[in-house]
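Colleague: Here is my input; please provide its structure:
(chains A and B)
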Amino acid sequence: MSTHRTLAVVSAGLSQPSSTRLLADRLAGATADELRAAGLEVDVEVVELREHAHAIMDAMLTGFPSGGLAEALQTVAEADALILVSPLFTTTYSGLFKSFVDIIDPDALTGKPVLLGATGGTPRHSLALDYSMRPLLTYLRTQVMPTVVFAATDDWAGQDESALPRRIARAGRELADAVAARPAGGGVDDPFGDTPDFADLLGR
Amino acid sequence: MQFGIFSVSDVTPDPTTGRAPDDSERVRSMLTIAQHADAAGLDVFATGEHHNPPFVASSPTTMLGYLAGVTKDITLSTATTLITTNDPVRLAEEYAMLQVISDGRMDLMMGRGNTGPVYPWFGQDIRNGIPLAVENYALLRRLWTEDVVDWEGKFRTPLQGFTATPRPLDGVPPFVWHGSIRSPEIAEQAAYYGDGFLHNNIFWPMHHTRQMVRFYRQRYEHHGHGRADQAIVGLGGQVFLHRNSQEAVRQFRPYFDVAPVYGHGPSLEDFSAQTPLTVGSPQQVIDRYASFVDDVGYYQRQMFLIDHAGLPLKTVLEQIDLLAGEVVPELRKIVEAKRPADDVPLNPPTHAERVAAARAAGRTAATHVGDGVDAVTGARAEESVR
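Modeller: Numbers count the residues shown, from 1 in each chain, chains lettered A, B, ... in the order given. Reported below is the predicted structural model:
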């Protein structure tokens, strides 16, 4: 059994530096540490949606992803697990994040373990992950981790023993356990591999 | 290699003047475009089939039947004929009629259509798109090749002792292409029957086209119709020409920027890099299109979209002149020199070639039913209706 796993990290933060990316990196770090402690090799691949913003809109208008975006979609589809982090805008994940999700092949994520995170200005938005982002990923038939991590501005000023690092560690552990429990290779299907022979299509 | 033009028949206001033709003017423009293409020496004119505005081409065989009478050499075709929502019995009759009227100077391309509501308008369900294409085409072929058909399926009322008339010209049905952008099942269908496969890649990157065509070729060989490189392949294309390449870009950009399908999206430069769209001089178009045989292997038909997005008729006719006069002769020379072997078909099969092949194999059907015995079932029409 392969001991190698790939984590794809999608960050929808818009500013640079962004607290969304910061949270994404923390979640990836916590997950990777747990996996390595379990004796697995880990690759972390980060997709910054800001870099693909124009291409994402073009893909919605033309129907196909161009250059770098096509690679980003492949990275996501082939990963063993996903860490998805979005800023919360107007009560929910950002439009850029949703647009990216909209151009992913709807079957590409089936069964994949997913860890969700979000950043926002105040703690009052902390349930947005559970009422908007979790159903989105449930619809795509992913395996969403029980712990989701919301970080408000104040959380970054907390003590080392504050709630945020503990939640990050717990979430990373959950994702690592889910990844380790599955065989490697969330691989992409050959798009022609399951085309039925025409005699079957004819029902003969 | 054949070179032709295909039209989606959109009525789009000219963005540089705001003027839009009405439906009658657009239909007449298409007739003029097809006749001009014939006179200029292009090989194929194909019309789309749509049943919703802004498109006007709802009745392909009426249009192509007229064109058969007023053109001389050009092959008349479709892009595409809706095999999903049309009754296969009507298709068998209408296209056999067109085949007779055009004296075999036609073929047709099956497609599933890209407008969701068309299915319910014609009593079908879009979720059955592939099963409809499979069942309807299987019936269509039987109606063309068997003189008397007993048939029962899922999607249309059963047939008992049915004979589609007129019988195909010389007892040999028209050549059929299947067009699909994304569905391997349709490439598999084309391969299964040994029909042509046209990948309309005008809005798609070449790496995708390459995969689809390779799959079709492999399956064509698998189903025993010949080698993979002998399969009959067509591609779509889109060009805007001017002898001065900067002038081509300057003239086309206002149409590109607001065009249906891709307007308001990627820049002209990005879209040109990602798709076959080529805006420039005849030499630039020759260079670009001559490279496609390196991607998909030698193929038999290259179609161009040149009359959409509100381009005025006068401009379209100039494009035809440039395409036929300054692109095609040179492009044909280059690509035909890349044909890998003499037994790789130079062009899609003509009616005469198909008749000769069918006769050699003893596969021609009756040209009239009523006084003879059905070549396939051995039944007489009058026996079947007892």
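Colleague: make it CA atoms for all contacts and neighbour counts henceforth
Modeller: Noted.
Colleague: How many residues are close by A:Val42?
Modeller: 18 (other CA atoms under 10 Å in any protein chain shown).
Colleague: Pretty sure it sits in a strand.
Modeller: Yes: assessed with DSSP: H, G, I helix; E, B strand; the rest coil, A:Val42 lies in a strand.
Colleague: who's in contact with it?
Modeller: By CA atoms under 8 Å, 6 or more residues apart in numbering or on different chains, the residues touching A:Val42 are A:4-7, A:32, A:35-36.
Colleague: same deal with B:Ala133?
Modeller: So B:Ala133 contacts B:83-84, B:111-112 (CA under 8 Å, 6+ apart).
Colleague: what does chain B have sitting close to chain A?
Modeller: Within chain B, the positions lying close to chain A (CA under 8 Å from any CA of the partner chain) are B:131, B:134-135, B:184-185, B:188-189, B:192, B:203-205, B:215, B:261-266, B:274.
Colleague: quick one: least confident helix or strand in chain A?
Modeller: Least confident helix or strand of chain A, by mean pLDDT, DSSP states H and E, is helix A:198-201 with a mean of 85.
Colleague: ok, is that one in contact with chain B or not?
Modeller: Yes: residues of helix A:198-201 are located near chain B by CA under 8 Å from any CA, namely A:198, A:201.
Colleague: what sits up against stretch A:142-157?
Modeller: Stretch A:142-157 is contacted from outside by A:23, A:109-123, A:126, A:129-130, A:134, A:137-138, A:162-164, A:167-168, A:170-171, A:174-175, using CA under 8 Å, 6+ apart.
Colleague: Which of the three states applies to B:Val134?
Modeller: Per three-state DSSP, B:Val134 ends up helix.
Colleague: If you could redo that for B:Ser77, that was the one I meant.
Modeller: Per three-state DSSP, B:Ser77 ends up strand.
Colleague: how about the strands in chain A?
Modeller: A:4-11, A:41-48, A:81-89, A:92-93, A:113-120, A:143-144, A:149-152 (DSSP state E).
Colleague: Excluding residues flanking it in the chain, which one is nearest residue 132?
Modeller: Picking chain A for this. Leaving aside its sequence neighbours, A:Ser132 sits nearest to A:Thr92 (CA to CA, 6 or more residues apart in numbering or on different chains; 6.4 Å).
Colleague: that's the wrong chain, I meant chain B
Modeller: Spatial nearest neighbour of B:Leu132, excluding adjacent residues (CA to CA, 6+ apart): B:Thr84 at 5.1 Å.
Colleague: Counting neighbours, which of the contacts of B:Ala133 comes out on top?
Modeller: B:Thr84 (28 neighbours).
Colleague: From chain A, how far out is that residue?
Modeller: To chain A, B:Thr84 is 15 Å away according to CA to the nearest CA, to the nearest Å.
Colleague: can I assume that residue is in contact with B:Gly123?
Modeller: No: the criterion here is CA atoms under 8 Å, and B:Thr84 misses it with B:Gly123 at 10.5 Å.
Colleague: What is the burial count for B:Arg142?
Modeller: Quick note: B:Arg142 (other CA under 10 Å) scores 18 neighbours.
Colleague: what's the answer for B:Gly153, then?
Modeller: Count around B:Gly153 with other CA under 10 Å applied: 11.
Colleague: Next, it: phi, psi?
Modeller: phi -140, psi -160 (degrees, to the nearest 10).
Colleague: now swap in B:Ala228 and tell me
Modeller: phi -60, psi -40.
Colleague: ok, it touching B:Phe215?
Modeller: No: between B:Ala228 and B:Phe215 there is no contact under CA under 8 Å: 9.4 Å.
Colleague: So if I had to pick from those two, which one is more boxed in?
Modeller: A count of neighbours by other CA under 10 Å puts B:Ala228 above the other of B:Ala228 and B:Phe215, at 21 against 17.
Colleague: Give me the buried entries from the contacts of A:Val42.
Modeller: Neighbour counting with 16 or more other CA atoms under 10 Å in any protein chain shown marks A:4-7, A:32, A:35 as buried within those.
Colleague: Kindly reformat the residues you listed as TSV containing pLDDT.
Modeller: Formatted as TSV, the buried ones among the contacts of A:Val42 follow (pLDDT from 0 to 100):
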residue	pLDDT
A:His4	94
A:Arg5	96
A:Thr6	97
A:Leu7	98
A:Ala32	98
A:Leu35	97
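Colleague: Can you show me the helices along the stretch 101-250 of chain B?
Modeller: For the stretch 101-250 of chain B, applying DSSP state H, counting those that start in this stretch gives helices covering B:118-121, B:129-145, B:184-193, B:206-222, B:245-257.
Colleague: and of the ones you listed, who's closest to B:Thr16?
Modeller: Of all the helices of the stretch 101-250 of chain B, helix B:245-257 sits nearest to B:Thr16, with 6.9 Å by CA to CA.
Colleague: quick one: the closest residue to A:Val44 other than its chain neighbours from chain B, how far?
Modeller: With CA to CA, 6+ apart as the criterion, A:Val44 has its nearest non-adjacent residue at 4.8 Å, and that residue is A:Leu7. Taking CA to the nearest CA as the measure, A:Leu7 falls 27 Å from chain B.
Colleague: Next, the contact list for A:Leu7, please.
Modeller: A:28, A:42-45, A:79-83.
Colleague: And the residues you listed, which is closest to chain B?
Modeller: Distance to chain B across these (CA to the nearest CA) is lowest for A:Ala79, with 21.9 Å.
Colleague: And residue 29, what's its pLDDT?
Modeller: No chain was given, so I picked chain A. A:Gly29 is assigned a pLDDT of 98 by the prediction.
Colleague: looking at chain B here, not the other one
Modeller: The predicted structure lists B:Ser29 with a pLDDT of 98.
Colleague: Lovely, talk soon.
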